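J.: predicted coordinates and the sequence they were generated for:
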Amino acid sequence: MSAILIAILAVAAISLAVSPLFQLDQVPARATAAIDPHVENLLSAREATYAAIKDLETDHAMGKLSDADYQNLRAKYEGKALTILRQLDAAQVASRERLVQRVASPGGTCAQCGMPIAAGAKFCRVCGTSVAPVCASCGAPITADTKFCRQCGTPVAALQPA
């Protein structure tokens with residue numbers, strides 16, 4: 001009985017250790033941050049500002065800060081956080097655009113997130129948006145060799161830009 005339990009635990013441990021090797025390539029949320037040191041610095045500044053706001057709230061709750069001081073400092077840190085978030089958004093958009101330009105994808109780019117699409121893919125690997133062509137008239141999926149929509153009969157050539 002214990003040998004079976006040990007075997008099950010061993011199989012579970014091995015499958016857990018090996019499973020990342022068999023997963024599809026996924027772009028991690030901070031992939032652009034690892035490429036761009038400016039984004040990494042902004043992320044660090046954002047976390048430091050959030051920590052300062054949390055410390056400020058703790059000090060106010062413990063009575064170490066007056067209400068007026070708390071309001072002034074909170075407004076200052078919130079303004080700083082807002083500035084950092086705006087810079088971070090701009091930097092991440094720029095990093096994503098550079099990444100898309102560097103990786104010439106034969107399948108184009110996703111209309112939703114802008115990431116490269118592999119040739120023949122039906123869905124974006126990053127956001128999951130369907131990238132298969134659809135009829136502009138009824139929304140039914142169409143294939144490359146289709147001349148008319150199978151759902152509504154609209155000519156496909158007339159729907160797609162030349």
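T.: Yep, that arrived.
J.: and Leu56, how far from Tyr50?
T.: 11 Å (CB to CB, to the nearest Å). In this view, the C-beta of every residue, glycine as well, is placed from N, C-alpha and C.
J.: tell me which of the two has more neighbours.
T.: Neighbour count, other CB atoms under 10 Å: between Leu56 and Tyr50, Leu56 has more, with 18 against 13.
J.: what helix or strand is that one on?
T.: Under the criterion of DSSP states H and E, Leu56 resides in helix 37-61.
J.: buried residues in that helix?
T.: By neighbour count with 16 or more other CB atoms under 10 Å, helix 37-61 contains the buried residues 39, 42-43, 45-46, 49, 52-53, 56, 60.
J.: which of those sit farthest apart?
T.: Val39 and His60 (31.7 Å; CB to CB).
J.: now Cys149, what are its backbone angles?
T.: Cys149 adopts backbone torsions of phi -70, psi 130, taken as degrees, to the nearest 10.
J.: go ahead and confirm it touches Ala140.
T.: Yes. Here Cys149 reaches Ala140: they are 5.7 Å apart, a contact under CB atoms under 8 Å.
J.: need the contact list for Leu56.
T.: By CB atoms under 8 Å, 6 or more residues apart in numbering, Leu56 lies in contact with 65, 70, 73-74, 77.
J.: so which of these belong to helices?
T.: Members of these lying in helices (criterion: DSSP state H): 70, 73-74, 77.
J.: for those, which one is nearest Ile84?
T.: Using CB to CB, the shortest approach to Ile84 within the ones in helices among the contacts of Leu56 belongs to Tyr77, at 10.3 Å.
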